[in-house]
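1. here is my input, please return the structure:
(2 chains)
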Amino acid sequence: MKGRDFWKWKSLKIKLEVKLRDRISIKYEAIIGLEVHAQMLTETKIFCGCSTKFGSEPNTQTCPVCIGMPGVLPVLNKKALEYAIKTGLAMNCTISKFSRFARKNYFYPDLPKGYQISQYELPICEHGNIEIVVNGNIRKIGITRIHMEEDAGKNIHEGAGNYSFVDLNRAGVPLMEIVSEPDIRSAREAVEYMKKMRTILRYLGVCDGNMEQGSLRCDANVSVRPVGQKEFGVKTELKNINSFRFVEKALDYEIKRQIKVIKEGGKILQETRLWDSTQGITEPMRGKEEAHDYRYFPEPDLVPVVVDQKWIDEINASLPELPDIKRERFVSVYGLPENDADFFTSDKPIADWYEEATASYALSVSGHKVVSNWVKGELTRLLNEENRSIEECPLKPLQLADMLTLIDKGTISGKIAKTVFEEMYKTGKDAEVIIKEKGLVQITDEGEIEKAVDEIIAKYPKEVERFKAGEEKLIGFFIGQIMKATKGKANPQIVNELLKKKLST
Amino acid sequence: MTKIFTNQGGFLELYSLTISDIRELLKRKEISVIDVVNAVYRRIDAVEDRIKAFITITKEKSLEMAESAQKNINNDNAYLCGVPLAIKDNICTKGILTTCGSKILYNFIPPYESTVTSRLTENGYVLIGKTNLDEFAMGSSTENSGFHTTKNPWDLERIPGGSSGGSAAAVAADECIAALGSDTGGSIRQPAALSGVVGFKTTYGRVSRYGLIAFASSLDQIGPITKNVRDSAILLNVISGHDELDSTSAPLTVSDYTRVLGQDIKGMKIGVPGEYFIEGMDKEVEKAVRDALKKLESLGAIPVEISLPHTGYAVATYYVLATSEASSNLARYDGVRYGLRIEGKDLMEMYMNTRSQGFGAEVKRRIMIGTYALSSGYYEAYYRKAQQVRTLIKKDFEDAFKEVDVILTPTSPTATFKIGEKTAEPLQMYISDIFTISVNLAGVPAISIPCGFTSNNLPIGLQLIGSHFDEESILKVAYAYEQSTEWHKRKPIL
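-> Below is the predicted model:
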């Protein structure tokens, strides 16, 4: 290479390197919108009278309507409409007085009619939002729309040889599709959004929120762009995300993948990608499966959905206290720390359990906190050990309150109380019964305690000497020995006082 | 062999009677249900080979139903008790083969009953059989049937009209006392006209569609095909009214339609739309219809010239909307759950084999047209535009009915045509529905009644259209006309 050429080449190379370095040093942000599918907890399907029960024998919960036989017609389940309106109101949406069903056309064996009855141009709810808290900051995430639709059945590929089986029990189960604005900026936020979504749906009793069983499902639209840029990047759609853990993992993976592609000078393709949880990656769906033109058009078998303000008002009035308001109340009325309030209000049954217990026990803020500690601590630990939900808790809130009163009265010590509580949880018996049966009443008789103290002092002369020589931390050793001798029943305060008195003489 | 003396001193076969005749004779115990049923079967044995009106004849079921009807004969409300009826084979009958005229449903036995046949059953009818039709009710001649073509009883070389051609021919040939058909763009009225019988399409939403195998959901209506106007009114009394299983059925009460029969039509305004008397229409048809108008005038009705300005767009609008809905309605015939399945090496091939061998050419043509009209990029230009035009057509009728009580037109621009004459030219075939289609788009009710014969002795039909849910005015005028003419009494010679 001649001199001039070399310099030309060199300067070009530098330019390119700078450009590349720039691109690498650019900070990117993610833009995420979520499409959540929530199965409604109605007893019957959305367009027929079949049961929605989960886990029955294949094709036992079907009829000519949900199997898509010729000539049969759908009739809207009013409960499904009510649940959708309820959800819309809880998520601050505008409820459409006039909405319409539409057909989404595509062929698939689990779709009996060859189209899904959904809503398209005129959904039942629009323009809402929910709040999430991320790193202590409140973020408002817009809800574009909520619409009603029917679920599809399931194809079963195992055990069918060269064929596949189709189970249509799920076909026609009512779904809500809740579409967010592209307001979510990280995988963490997406998880918080999903959790909040589940909390609200469970509060309303419209969906059980079980992602693993598929009653709550999530697809994500993801793109990235340099921080400061206004335009959105090209997005991909992620499907098959079926747990809260995978929401974070799948999105983290996809965001990193997109940034890497761009930094390496590549382009993001607009495509649908599947999350593969075993490999921990997202992969493009095959093009053929993806290339759909759904040919939406208004469903001629159903009349437009017309709701009047009176009914909307009635539904609004029937809404339960929602998590955000409950949390605020737990902080202001019970004086609970934000952490505790968050913990309880994230799940309505836990909040209810706590409130019932604290209402029967506590008269002061410190009392509310005591109840909180027991529920959040011991009770939750015991439940978690058995993977039980609060609804399956064998203890009644009142039983905890009674036990706490027994502590206050000095009948049992706080330490013994843990044993009592575990026993209560195991057997469902009241604290008093257990205390009586196991002889766990606290010893408060000074004479009896003094006897035990004296015995221990006599038993450990060396340790007494060392204590008197200044090794004061041995007090714990003495207390431990006395509690052991009294099977933990001695009133620790009295033990403490007597010990100090005896050892100092 | 039971025969009935007429007051002219001749004999009348039981099969040639009407619903009201039979009801009378049964109540007076002059005949039994089984006499009627046997008579009808004798007739079927004699002529069905030539007519081919039926896809399925349900003789065993008929005898069963006849027996139970006989027990119920004194029930005053059972107008149809023991009356042998034929049902178009796109109306689901529980436990009885229902093919919709298609190979794709060649073996389909519904485990449910349509609402209309449930109501007929409650009323004690006797099912004679399931009648032939153009596949999925798509056609005007029964030539599109997946099984065979029905012959016109007035001329066996001609078509009976369609798609309810089997029902119309069965009624015309006395193979049943009356029948049900379905009408999406003229499929009751056009075959009624071409076969010389009465056919009534009600207001959209008047009769439940539950159990009617859908062609175009927003246009389909079930209705009667009968030997006279009174029988249509009787059948309507039984099948009309709200049904919880059909959200599009109107939640309105239905009055007794027979009450208006015989009422004076003096002063009633009969609208005559200029757009329906077009260049190129059959001269004999035009003359018969104009004569009918004169007849009504002589009965005291007042003719009023009106305009339905968007008539010219009706056929195009119809063929966009009906095919769009059909493309979606017919997606369920995929070989997965019922009906025909032709295996393939994978799912896609199974779909393609099943649908390409199961559907006939006309059905495939319409599925393709409809799929195209709904496709992204074309939806606005076709489907949405057609919906807008449909609104205008509907408004045409609403405006007209501010001025008139009923509208009078020919039912079909020509009398029946030769088998095979129009099969090569789908557009020619489509145009035979030119006078009936607007009625479906507007959702208004209409009847076709016999109003004359061509020089070849082929029947001509007169269409009377009413405003929404005003079936009464139509029946009133139609009955008055019928009673002052003899056309409905003529029978084909078989």
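2. measure how buried the closest residue to A:Lys249 other than its chain neighbours is and give me the count.
-> Among residues not flanking A:Lys249 along the chain, A:Gly280 sits closest, at 6.4 Å (CB to CB, 6 or more residues apart in numbering or on different chains). From N, CA and C alone the C-beta is placed, and that goes for glycine too. For A:Gly280, the count of nearby residues is 12 (other CB atoms under 10 Å in any protein chain shown).
3. what do you get for B:Gly420?
-> 12.
4. so it touches B:Glu157, yeah?
-> No: judged on CB atoms under 8 Å, B:Gly420 makes no contact with B:Glu157 at a distance of 9.4 Å.
5. pull up the per-residue confidence for the residue nearest to A:Lys249.
-> A:Gly280 is assigned 89 on the pLDDT scale.
6. I'd assumed A:Glu248 was in contact with it.
-> No: counting by CB under 8 Å, A:Gly280 does not reach A:Glu248; the two are 11.6 Å apart.
7. what sits against residue 154?
-> If you meant another chain, say so; for now it's chain A. By CB atoms under 8 Å, 6 or more residues apart in numbering or on different chains, A:Lys154 lies in contact with A:110, A:166-167, A:169-170.
8. ah, no, chain B please
-> By CB under 8 Å, 6+ apart, the contact set of B:Trp154 is B:172, B:195-196, B:416, B:457-459, B:492.
9. and it, how far from A:Glu131?
-> For B:Trp154, the distance to A:Glu131 equals 76 Å [CB to CB, to the nearest Å].
10. now do B:Cys81
-> Taking CB to CB as the measure, B:Cys81 falls 67 Å from A:Glu131.
11. okay, the two: which has more neighbours?
-> B:Cys81 (24 against 14).
12. neighbour-wise, which of the contacts of B:Trp154 leads?
-> Neighbour counts for these (other CB under 10 Å) peak at B:Ser195, which has 34 neighbours.
13. which parts of the stretch 251-400 of chain B are helices?
-> Secondary structure of the stretch 251-400 of chain B (DSSP state H, counting those that start in this stretch): helices located at B:283-298, B:314-329, B:347-358, B:361-374, B:385-400.
14. so what touches the shortest one?
-> In this case it means helix B:347-358. Taking CB under 8 Å, 6+ apart as the rule, helix B:347-358 contacts A:107, A:109, A:164, B:102-104, B:333-335, B:339-344, B:364.
15. just how off-centre is it within its chain?
-> Averaging C-alpha positions (CA atoms, centre = their mean, to the nearest Å) puts helix B:347-358 31 Å from its chain's average.
16. just the mean pLDDT for that helix, thanks.
-> Mean predicted confidence for helix B:347-358 is 97.
17. just want the angle from it to helix B:361-374.
-> 130 degrees (axes from the mean of the first three to the mean of the last three CA atoms, to 10 degrees).
18. neighbours of B:Glu472, how many?
-> Counted with other CB under 10 Å, the neighbours of B:Glu472 add up to 19.
19. residues contacting the nearest residue to it once chain neighbours are set aside?
-> Residue nearest to B:Glu472 in three dimensions, not counting chain neighbours: B:Val260, with 4.6 Å by CB to CB, 6+ apart. By CB under 8 Å, 6+ apart, B:Val260 lies in contact with B:233, B:472-473, B:475-476, B:479.
20. let's have the contacts of A:Lys154 in a markdown table, adding secondary structure.
-> Listed next are these as a markdown table, based on DSSP: H, G, I helix; E, B strand; the rest coil:
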| residue | secondary structure |
| --- | --- |
| A:Asp110 | coil |
| A:Val166 | strand |
| A:Asp167 | strand |
| A:Asn169 | coil |
| A:Arg170 | coil |
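21. going by neighbour count, which of those residues comes out on top?
-> A:Asn169 (24 neighbours).
22. excluding residues flanking it in the chain, which one is nearest that one?
-> Using CB to CB, 6+ apart, the closest residue to A:Asn169 is A:Gln61 (4.4 Å).
23. and A:Glu378, by the same measure?
-> A:Glu378's closest residue in space is A:Phe421 (CB to CB, 6+ apart), at 5.6 Å.
24. contacts only, for that neighbour.
-> A:374, A:378-379, A:400, A:403, A:431.
25. cool, and A:Gly153?
-> By CB under 8 Å, 6+ apart, the residues touching A:Gly153 are A:110-112, A:166-171.
26. how about those, which pair is most distant?
-> With CB to CB as the measure, no two of those lie farther apart than A:Leu111 and A:Asn169, at 14.1 Å.
27. residue in chain A nearest to chain B?
-> Taking CB to the nearest CB, chain B has its nearest neighbour within chain A at A:Gly114, 2.4 Å off.
28. distance of that residue relative to A:Ala152?
-> Distance of A:Gly114 to A:Ala152, computed by CB to CB: 11 Å.
29. end to end on stretch B:179-198, go ahead and measure it.
-> Stretch B:179-198 has an end-to-end distance of 10 Å (criterion: CA to CA, to the nearest Å).
30. also stretch B:487-494?
-> Stretch B:487-494: ends 18 Å apart by CA to CA.
31. who's in contact with it?
-> B:16, B:46-47, B:50-51, B:153-154, B:172-174, B:196-198, B:227-229, B:449-453, B:459, B:482.
32. could you rerun that using 7 Å?
-> B:16, B:47, B:50, B:153-154, B:172-173, B:196, B:227-228, B:450-452, B:482 (CB atoms under 7 Å, 6 or more residues apart in numbering or on different chains).
33. equivalent analysis for stretch B:378-391, please.
-> Under the criterion CB under 7 Å, 6+ apart, residues A:297, B:310, B:313, B:317, B:320-321, B:324, B:372-374, B:441 lie in contact with stretch B:378-391.
34. change it to 10 Å
-> A:293, A:295-298, B:218-219, B:310, B:313-314, B:316-325, B:369-375, B:438, B:440-443 (CB atoms under 10 Å, 6 or more residues apart in numbering or on different chains).
35. show me where the stretch 351-494 of chain B has strands.
-> B:406-410, B:446-453, B:459-465 (DSSP state E, counting those that start in this stretch).
36. strands paired with the last one, and their directions?
-> In this case it means strand B:459-465. Applying DSSP bridges, strand B:459-465 is found paired with strand B:406-410 (antiparallel), strand B:446-453 (antiparallel).
37. bridged to B:Phe54, which residues?
-> In this entry, B:Phe54 is beta-bridged to B:Thr131, by DSSP bridges.
38. okay, the strands of the stretch 351-494 of chain B, which one's buried deepest?
-> Per-stretch averages of neighbours, counted by mean count of other CB atoms under 10 Å in any protein chain shown, single out strand B:459-465 among the strands of the stretch 351-494 of chain B, with a mean of 29.
39. can the helix or strand harbouring B:Ala179 be found next to chain A?
-> Counting by DSSP states H and E, the element that carries B:Ala179 is strand B:178-183. No: judged by CB under 10 Å from any CB of the partner chain, strand B:178-183 stays clear of chain A, getting no closer than 10.5 Å.
40. other SSEs contacting that strand?
-> strand B:84-88, helix B:115-122, strand B:126-131, helix B:165-172, helix B:189-195, strand B:198-201, strand B:221-226, helix B:229-239 (3 or more CB pairs under 10 Å, 6 or more residues apart in numbering or on different chains; DSSP states H and E).
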